[in-house]
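**Q** need coordinates for the following:
(one chain, ligands or ions: 2)
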Amino acid sequence: MKRLSVFGATGSIGQSTLDLVRRNKDLYCVKVLTGGRNLDCLVRNALEFRPEFVVTAHDDCYQELNEMLSHTDIKVAAGANGINEAASVQVNWAMSAIVGAAGLEPGLRAMQAGANLALANKESMVAAGPLMRQTSRENDVALLPVDSEHSGVFQALIGEDRKAVERVILTASGGAFRDWSLEEIAAATPEQAATHPNWDMGQRVTIDSASLFNKALEVIEAKELFDLKPKQVEVLVHPQSMIHALVGFQDGGLMAHIGPADMRHAIGFALNYPNRSYLPVERLDLAKIGQFDFSAPDLEKYPALRLAYDVLDLGGFSGAVYNAAKEIALDAFIAHRIGFLDMAKIVEAVLERIFVKNISKENNFCLENILNMDHIGRTYAREEIEKNSKYL
Ligand code: NAD
Ligand code: MG
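**A** Ligands and ions are numbered 1, 2, ... in the order given. Predicted structure coming up:
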């Protein structure tokens, strides 16, 4: 039996992962489940899968979770320390599906404990790509992309000569505001941004899809995962979200990964890797779909994307700063403190500050330095939000 941990089990990716595990219970033994404040879901899953260890991210939820599981022999813990302890439990495969930079350390620890890491948490690669790759190499474990675009690229590269890769094209649906004017987007509310035309995802990643911050993070993620140069990563708007990514080779051939907008394909691919097994996703009827559309992304409407390329040029720790500043700006947007387009303005101001101070350039990618730069990004972003009354 394959031993599994699921970090962020109560989220959209976590629940899709457990849906696949549930369908083949005799193949898997779930050792760890972690979640946040959604204790009903966490406990329901704990009673179903009977893991050794269940953790809530919030210290103030510990007592309630402990009481809810007191009639079982399941170990209960809370907080970032509890999650890190759970990440040290030895498993064959771990799903990294916490949202945000909080997913970085558990993923690293899971690899250090010998787990192949299924990586939904793109923020880990954005903030700490070199450290993630080094940790996977040193512990001889696989880093398996779960983001649909990156899973598509990974699959298109199987059996190919990496040196023959000319470019990677990530597709973007265009998010909730694809057909909105710049003026309308400027006035968009968090509620409007939190609906996605094609994918069913968590609130934060859905808003990031509307601003294209999600795609911007994916550009950086692709560069880190597949060791590409900035110019080798392209973004193409494709409203149907069925072509997830394309890989272009030096002979002009393009390999496209096509499938329904269902994350269980990418999750299942990572779960079954290196084999392919049956997955319960819709089979596309291309004749019925009829056509696929494409267009170039509008960088004026989506400044987050332009900034991602600045990050690739800046290098060093700028990815950690970019992601951290974005998380703070997203919190402020969700709290109705700033407008939708202000998120990118704040991130740009923070990037400018680290560029001027020349503090992104260091290249000792240890966890301590990365967390330090993450902290700087958050502090600068909060300062930008406070000092610019125009945002308030
Ligand atoms: P979600 O918001 O639905 O779930 C997030 C999970 O993380 C929950 O279990 C929550 O309790 C936990 N969590 C939140 N903050 C935490 C913290 N500070 N510490 C520990 N745990 C915390 O998110 P999601 O949509 O499942 O996305 C998870 C990750 O996968 C993100 O990095 C996202 O970008 C990536 N991703 C998601 C999708 C998708 O379709 N949902 C697709 C591609 C990539
Ligand atoms: Mg994606």
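**Q** leaving out sequence neighbours, find the closest residue to whichever residue of the chain sits closest to ligand 1.
**A** Proximity of the chain to ligand 1 (Cβ to the nearest ligand atom) peaks at residue 11, 1.9 Å away. Every C-beta, even on glycine, is put in place using the N, C-alpha and C of the backbone. Excluding the flanking residues, the one nearest residue 11 by Cβ to Cβ, 6 or more residues apart in numbering is residue 202, at 5.2 Å.
**Q** show me what contacts the closest residue to ligand 2 within the chain?
**A** The nearest approach of the chain to ligand 2 comes at residue 147, 4.1 Å away (Cβ to the ion). Residue 147 makes contact with 119, 120, 122, 218, 221, 266, according to Cβ atoms under 8 Å, 6 or more residues apart in numbering.
**Q** before we move on, back to that, can you count the residues close to the residue nearest to residue 11?
**A** For residue 202, the tally of surrounding residues (other Cβ atoms under 10 Å) stands at 17.
**Q** for it, which residues are in contact?
**A** 11, 12, 13, 99.
**Q** thought residue 346 was touching residue 378?
**A** No - at 11.2 Å, residue 346 and residue 378 do not qualify as touching, with contact defined as Cβ atoms under 8 Å.
**Q** more neighbours, the two?
**A** residue 346 (25 against 19).
**Q** among the contacts of residue 147, who's most crowded?
**A** Among the contacts of residue 147, the one with the most neighbours (other Cβ under 10 Å) is residue 120, at 33 neighbours.
**Q** next one: phi and psi at that residue?
**A** Main-chain torsions, residue 120, degrees, to the nearest 10: phi -90, psi -30.
**Q** related to what we said a few turns ago, which residues do residue 346 and residue 378 both contact?
**A** With Cβ under 8 Å, 6+ apart, residue 346 and residue 378 have common neighbours 325, 328.
**Q** still on that earlier bit, most neighbours among the contacts of residue 202, which one?
**A** Busiest of the contacts of residue 202 [other Cβ under 10 Å] is residue 13, holding 28 neighbours.
**Q** contacts for the biggest helix by length in the chain next, please.
**A** When the chain is parsed with DSSP state H, its longest helix is helix 367-387. Residues from elsewhere that reach helix 367-387, judged by Cβ under 8 Å, 6+ apart: 101, 104-105, 108, 127-128, 131, 317, 320-325, 327-329, 332, 337-338, 346-347, 349-350, 353-354, 359-360, 362, 391-392.
**Q** quick one: contacts for the spatially closest residue to residue 174 that is not a sequence neighbour?
**A** Leaving aside its chain neighbours, residue 174 sits nearest to residue 237 (4.9 Å; criterion: Cβ to Cβ, 6+ apart). Residues counted as contacts of residue 237 (Cβ under 8 Å, 6+ apart) are 171, 172, 173, 174, 178, 294, 295, 296, 297.
**Q** now do the strands in the protein.
**A** Here the chain has its strands, by DSSP state E, at 2-7, 28-35, 53-56, 75-78, 93-96, 116-119, 143-145, 165-172, 233-237, 243-249, 254-258.
**Q** tell me the helices and strands packed up against the fourth one.
**A** Right, the one you point to is strand 75-78. Counting contacts by 3 or more Cβ pairs under 8 Å, 6 or more residues apart in numbering; DSSP states H and E, strand 75-78 packs against strand 53-56, helix 62-68, helix 79-87.
**Q** how does it look with 6 Å?
**A** strand 53-56, helix 62-68 (3 or more Cβ pairs under 6 Å, 6 or more residues apart in numbering; DSSP states H and E).
**Q** double-check residue 234 against residue 169; I have them as touching.
**A** Yes - counting by Cβ atoms under 6 Å, residue 234 touches residue 169, with 4.6 Å between them.
**Q** between these two, which has more neighbouring residues?
**A** Ranked by neighbour count (other Cβ under 10 Å), residue 234 and residue 169 place residue 169 first, with 22 against 16.
**Q** that one touches residue 233, doesn't it?
**A** No - using Cβ under 6 Å, residue 169 makes no contact with residue 233, being 8.2 Å away.
**Q** tell me the spacing between residue 115 and residue 60.
**A** 29 Å (Cβ to Cβ, to the nearest Å).
**Q** the more surrounded of those two?
**A** Neighbours were counted for residue 115 and for residue 60 using other Cβ under 10 Å; residue 115 has more, 27 against 10.
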